[in-house]
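Chemist: Quick one: sequence plus predicted model below, questions after.
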Amino acid sequence: MTTTEIDKTAIRDAATIILYRDGAEGVEVLMGQRGASAAFMPNKFVFPGGAVDAVDATVPFARGPDPLCAARLALESGEGMGAALLAAAIRELWEETGLILGVPGDWAGEAPRGWRGFAATEHLPSAEGLRFVYRAITPPGRPRRFDARFFLAPASRVAGDVDDFSRAEDELSLLQWIPLSRARSFDLPFITEVVLGEVAALTGHDDPPEGVPFVRNDDLVAGIRRLR
């Protein structure tokens, strides 16, 4: 791939959600395996997540994020992108695991395409308790590139049984709660390994991080700094 081709690769906004809970071996995170034929990160174990859809910006929240989370999301992002990212994280969790981050409530009118299954559960999405903990742009040279924001949330925010994946679509297989102490024994993308290190430092308390690490990858050499 030439430099010109690299430069033309579109970067899409994306959201990833890291659910965690206490388990028999310590803190566990929810992960699944991408398919062997996937164009992006085939066979890798990942957190639920994906690209922002246009309709995500129109979705009503029962409860929004805390002010600090909203303010950090707004840094170096387009107007209104914070709400779309939070909605995308909740939608992707629903699609890939069947789990609901929401509270009981009625939608005003028909839910937009992509959200109708979620709305049929009679829940409204809730961003309460989500923490914005990492941001990374896929390096040049990949078949797809994303500007991904990672959100951390305790499993206690999920409505219903956090072990019931029966409503999940087929994008991720082998959905499971993996102890942080064993997560690196799985086939992980490099960025997931990096984010796991950040998560390990945050799951023991509810305080927000001092800043959000941002891996830009604007050039062939990655740069990292913190959004404050």
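Modeler: Now that the structure is in, tell me what you want to look at.
Chemist: Quick one: name whatever helix or strand follows the lengthiest strand in the chain.
Modeler: When the chain is parsed with DSSP state E, its longest strand is strand 11-23. Counting by DSSP states H and E, the next helix or strand C-terminal to strand 11-23 is strand 26-34.
Chemist: pLDDT weak spots in this protein?
Modeler: Regions of the chain meeting the criterion pLDDT under 70 cover residues 1-8, 39, 206, 208, 218-226, 228.
Chemist: one step back: next one: the longest strand of the chain to chain centre, how far?
Modeler: 3 Å (C-alpha atoms, centre = their mean, to the nearest Å).
Chemist: That one pairs with which strands?
Modeler: If you go by DSSP bridges, strand 11-23 pairs up with strand 26-34 (antiparallel), strand 49-51 (antiparallel), strand 145-154 (parallel).
Chemist: Please identify the most buried of these.
Modeler: Most buried of the strands paired with strand 11-23, by mean neighbour count (mean count of other C-beta atoms under 10 Å): strand 145-154, with a mean of 23. C-betas here are computed from N, CA, C, even on glycine.
Chemist: how about it as CSV, C-alpha atoms only?
Modeler: Extracted in CSV, the C-alpha atoms of strand 145-154 (Å, rounded to 0.1, in the frame of the first residue of the first chain):
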residue,chain,number,x,y,z
ARG,A,145,-9.3,2.9,10.4
PHE,A,146,-11.3,4.0,13.4
ASP,A,147,-11.1,6.9,15.9
ALA,A,148,-12.2,4.7,18.8
ARG,A,149,-13.3,5.9,22.2
PHE,A,150,-13.3,3.3,25.0
PHE,A,151,-15.9,3.4,27.8
LEU,A,152,-15.7,1.6,31.1
ALA,A,153,-18.8,0.5,33.0
PRO,A,154,-19.6,-1.9,35.9
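Chemist: Pull the residues that contact it.
Modeler: Outside of strand 145-154, the residues within contact range by C-beta atoms under 8 Å, 6 or more residues apart in numbering are 9-21, 47, 49, 51, 73, 85-86, 89, 101, 129-139, 191, 195, 199, 202-203.
Chemist: Narrow the residues you listed to those that are buried.
Modeler: For the contacts of strand 145-154, a burial check counting by 16 or more other C-beta atoms under 10 Å picks out 13-21, 47, 49, 51, 73, 85-86, 89, 101, 129-139, 191, 195, 199, 202-203.
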